[in-house]
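Engineer: Return a 3D structure for these sequence lines:
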Amino acid sequence: MKYAFLGPESTGKTTTAIEIVCRRNGVLVPEVARDYLEEKGLNYDYEDILDIAKQQFTKEIEISDAHPDEIIICDTELITMEIWLEFYGYEVPNWIPTFIHQASYESYFLFNTDIAWVPDGLRNNQNDREVLLNLFKRKLNYYNKNWILVSGQGVERVENVLKYIEA
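Structural biologist: Numbers count the residues shown, from 1 in each chain. Now for the predicted structure:
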């Protein structure tokens, strides 16, 4: 089974993904953007976002193909890339919505903004988290995806996701 974690920055996606993978002996598809931007910095452009999207998609396919019978947690996916492109006023290439329509996740976990924003040198949307959260909700509904809003503090987020996965 494959699950997608998404939402605005600094909402606990990566922390929760790592914990779920550890507890359930799953496999993590890490967020490619983090490593990419640690190398590039925040001075990125349209081509960088497309490169990140392609790398993320490729990494997910590679890991999914290598672990077909395991729980896979994707610490982002192409809806995030589409929102990122639109938020910054870029054109979305046709291949992104096509692959979003075709994507098969057991569920999407959308992480709420009910925890504090923590700066880390790569985050720059502290004041846009609610706007971004609403964009994610609209996209998930537009694509008719099965999604769950993840809320709570600390380990409560992990427990909320685990309850759903185990059900």
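Engineer: Next, give phi and psi for Phe5.
Structural biologist: Dihedral angles of Phe5 (phi, psi; degrees, to the nearest 10) stand at phi -110, psi 130.
Engineer: now do the one 3 residues further on
Structural biologist: The phi/psi pair for Pro8 (degrees, to the nearest 10) reads phi -60, psi 160.
Engineer: so it makes contact with Phe136?
Structural biologist: Yes. Using CB atoms under 8 Å, Pro8 is in contact with Phe136, at 7.4 Å. Every C-beta, even on glycine, is put in place using the N, C-alpha and C of the backbone.
Engineer: With neighbour numbers in mind, choose between these two.
Structural biologist: Pro8 (25 against 20; other CB atoms under 10 Å).
Engineer: Dump the lowest-mean-pLDDT helix or strand in the chain to PDB, restricted to CA.
Structural biologist: Least confident helix or strand, the chain: helix 32-40 with a mean of 89, by mean pLDDT, DSSP states H and E. Output of helix 32-40 as PDB, limited to C-alpha atoms (Å, rounded to 0.1, in the frame of the first residue of the first chain):
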ATOM      1  CA  VAL A  32      13.600  15.400  -3.300                       C
ATOM      2  CA  ALA A  33      13.100  19.100  -3.000                       C
ATOM      3  CA  ARG A  34      14.900  19.300   0.300                       C
ATOM      4  CA  ASP A  35      18.200  17.900  -1.000                       C
ATOM      5  CA  TYR A  36      17.900  19.800  -4.200                       C
ATOM      6  CA  LEU A  37      17.400  23.100  -2.400                       C
ATOM      7  CA  GLU A  38      20.100  22.400   0.100                       C
ATOM      8  CA  GLU A  39      22.500  22.400  -2.800                       C
ATOM      9  CA  LYS A  40      20.800  25.100  -4.900                       C
END
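Engineer: Having no further points to raise, I will conclude here.
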